[in-house]
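J.: Structure of the sequence below:
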Amino acid sequence: MSGRSALASPRAPRAGRVLQYGDYEPESLAERIGEHGWLLVRGVPCWIGNVVLLDLAASFGRITRHGPNLRDPTREGEAVGIIRSLAKPIADRSGTTMLSTMATDHHLHTDESFYPAPSRFLLLHCWRPDPAGGGLSLIAAVEEVLARLTPAERENAARFRYRWRGVEAPILSEMPGQAWPRLRFNVREADCLENPRAPGDALAQRFAHAADEAALELPMAQGDCLVLDNWRVMHGRTAFAPDSPRLLKRVGVDAA
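T.: Prediction:
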């Protein structure tokens, strides 16, 4: 699957999910994420060293850190990832081209689907939007996707096991005490281990299509920071010009 479905009809975000930086009590942020699954925080300063972004991320838990690699153009220090179009897109360790280094549209997905324990929260901080209006952020919460699936499809999403590169897990897993299941999904990575030809692969495509239908469209201005529950909400983006200065920075936060 490439790009958004032609049938998709993006919706605007609901009131109460957009905040101004500093216009809230820090302890209320986790509660708001628990209620909605995501927040858009406007006016987060783009300071050298990403100090404000990292401080905001730390309010949600322990920041996910990776080993420093000064030669990696997709990273800035141990915690911050760089999302921008490069003249030569980069492949990750598995040899898969990283869509975060390209200007093409990016299907809806959860991050780190191939990690045993993906980051619980993600922060996507806009430093430079696309001046032509491309690169719109897309988000789809699991409950919105499930509402568009049949009972059999929902059951199979929890029953079929997929290989996400080196990790085996279903699309949906039970989350004790939560009203929604835990989500792990990237149609580009999905390799069904049960009934892969008939309904397994078809289910992954159907799930991706339902996510397109459920998607909200969020234009992000400089300083906007999208905070997501990565176990509940998928994200993606529309395409933009390859020579665009569009720049986002990403930080992950581990589960408690």
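
J.: wait, is V51 part of a helix?
T.: Yes. V51 sits within a helix when classified using DSSP: H, G, I helix; E, B strand; the rest coil.

J.: For the worst-scoring helix or strand of the chain on mean pLDDT, give me every contacting residue.
T.: Ranking every helix and strand in the chain by mean pLDDT, DSSP states H and E puts helix 26-36 at the bottom, with a mean of 86. The contact list for helix 26-36 (C-beta atoms under 8 Å, 6 or more residues apart in numbering) reads 14, 16-17, 19, 24, 39, 59-60, 121, 227, 229. (Glycine included, C-beta is placed from N, CA and C.)

J.: Make a ChimeraX selection of the buried ones in those.
T.: To isolate the buried subset of the contacts of helix 26-36 in ChimeraX, counting by 16 or more other C-beta atoms under 10 Å, use the following:
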select :17,19,39,60,121,227,229
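
J.: ok, of the contacts of helix 26-36, which one's closest to A87?
T.: Nearest to A87 among the contacts of helix 26-36: V227, at 30.6 Å, using C-beta to C-beta.

J.: quick one: contacts for the closest one?
T.: Neighbours of V227 in contact, by C-beta under 8 Å, 6+ apart: 29, 33, 38-41, 56, 60, 121-123.

J.: before we move on, what about R84?
T.: 100-101, 245-248.

J.: measure it to C126 for me?
T.: Counting by C-beta to C-beta, to the nearest Å, the gap from R84 to C126 is 11 Å.

J.: shared neighbours of the two, which are they?
T.: 247-248.

J.: Walking through the stretch 1-150 of the chain, point out its strands one by one.
T.: 18-20, 38-42, 75-76, 80-83, 106-109, 121-128, 137-141 (DSSP state E, counting those that start in this stretch).

J.: residues in contact with the residue nearest to P242 when sequence neighbours are not counted?
T.: Once flanking residues are discounted, P242 sits nearest to A103: 4.4 Å by C-beta to C-beta, 6 or more residues apart in numbering. Residues near A103 by C-beta under 8 Å, 6+ apart: 85, 134-135, 239-242, 244, 246.

J.: Now the longest helix along the chain: buried residues?
T.: Of all the segments of type helix in the chain, defined by DSSP state H, the longest one is helix 201-214. Buried residues in helix 201-214, counted by 16+ other C-beta under 10 Å: 201, 203-204, 206-214.

J.: need the residues you listed in CSV with pLDDT and distance to G49, can you?
T.: Below are the buried residues of helix 201-214 laid out as CSV (pLDDT from 0 to 100; distance: C-beta to C-beta, whole Å):
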residue, pLDDT, distance to G49
D201, 87, 44
L203, 94, 44
A204, 95, 40
R206, 96, 44
F207, 97, 39
A208, 98, 37
H209, 97, 41
A210, 98, 40
A211, 98, 35
D212, 97, 37
E213, 97, 40
A214, 96, 37
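
J.: just curious, which of the contacts of A103 is nearest to D111?
T.: Taking the contacts of A103 together and measuring to D111 by C-beta to C-beta, the closest member is G135, at 17.1 Å.
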